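Q: Show me how the following folds:
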Amino acid sequence: MARPLVILVVSLSTLASLSTLVSLSALASLSAFSSLSLFSSPAQAGERAISGTGGSSLGLESLLERFSRVPGLEAVFREEKSLTLLREPLISRGRLYYAAAGRLARYTEEPVDSLLLVEGERLSYASGGERGAIDLDSNPAVRVFVDSFRLLLKGDLPRLRERFEIDFASASESGRDGWRVRLIPRDPSLSGFLSSIQIEGRELLLSQLRILEKSGDETAMFFSSVQVDRRFKREELDSLFRLPAP
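A: Alright, predicted model coming up:
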């Protein structure tokens, strides 16, 4: 059960939402970083700061500080899971919800209905007649996917630095700050199958999340119809962030 669950969370591409904001295309975000260059000195040991020629002043600390003030996010996602054994990617679609304090819900609508919830240190899921839960503290392979996205949206830079080596890139285009965060897990037990997790966006608008595995498999999640300042009512929190009755 462990491997399918990892794939399910990867397909969450995980928080990476965790959320998307304002329909940005993947091509637009990729072109924004075509001319990035490394700074001569790192922001911290094991962390590289990258700046583009557009003159962006956005830094990792300021980006995470902005995310820490976001009350909630909602976005539509399209996910492509490319496997070396398959000619065509596996595609799924659905909607993501993120609420302050790290609550995350992923509703997959195609090809099958399923729900994945993350709250605190517990991940719960329901798909068809199957449902279950896992303690994130007991499964580092699942936690790394959850933390990569959730800690970014929470603006929790100390814990991100504790769990990942970080490459940060920024560039300015049309007066808006674009950025890319590349996360490499520090846990040696994960290095055998996971290369990196990359999240891109513009200001607070997430555009895509990519997970690269050592096997050559890759998961890409693209976001659209994003609401940044999403404030959930109590009844919405009770309904969206809860598994349906069996």
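
Q: The chain: helices as residue ranges?
A: With DSSP state H, the ranges of helices along the chain come out as 2-10, 26-31, 60-68, 140-154, 157-163, 234-240.

Q: Okay, buried residues for the fourth one please.
A: Residues of helix 140-154 classed as buried: 141-154 (neighbour count, 16 or more other Cβ atoms under 10 Å). Yep, even glycine has a C-beta here, placed from its N, CA and C like the rest.

Q: okay if I get those residues as a markdown table plus distance to Asp187 and pLDDT?
A: Formatted as a markdown table, these follow (distance: Cβ to Cβ, whole Å; pLDDT from 0 to 100):
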| residue | distance to Asp187 | pLDDT |
| --- | --- | --- |
| Ala141 | 9 | 86 |
| Val142 | 12 | 89 |
| Arg143 | 9 | 89 |
| Val144 | 7 | 90 |
| Phe145 | 12 | 89 |
| Val146 | 13 | 91 |
| Asp147 | 11 | 90 |
| Ser148 | 12 | 91 |
| Phe149 | 17 | 90 |
| Arg150 | 16 | 92 |
| Leu151 | 14 | 92 |
| Leu152 | 18 | 93 |
| Leu153 | 21 | 92 |
| Lys154 | 20 | 92 |
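
Q: where are the low-confidence patches of the chain?
A: Scanning the chain for pLDDT under 70 picks out 1-57, 172-176.

Q: Reformat the buried residues of helix 140-154 as CSV; add distance to Phe77.
A: Compiled in CSV, the buried residues of helix 140-154 are given as follows (distance: Cβ to Cβ, whole Å):
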residue, distance to Phe77
Ala141, 22
Val142, 19
Arg143, 21
Val144, 19
Phe145, 14
Val146, 16
Asp147, 19
Ser148, 15
Phe149, 12
Arg150, 15
Leu151, 19
Leu152, 16
Leu153, 14
Lys154, 19
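
Q: bridging residues for Ala171?
A: The partner list for Ala171 in beta bridges (DSSP bridges) reads Gly178.

Q: With Glu110 instead?
A: Arg93.
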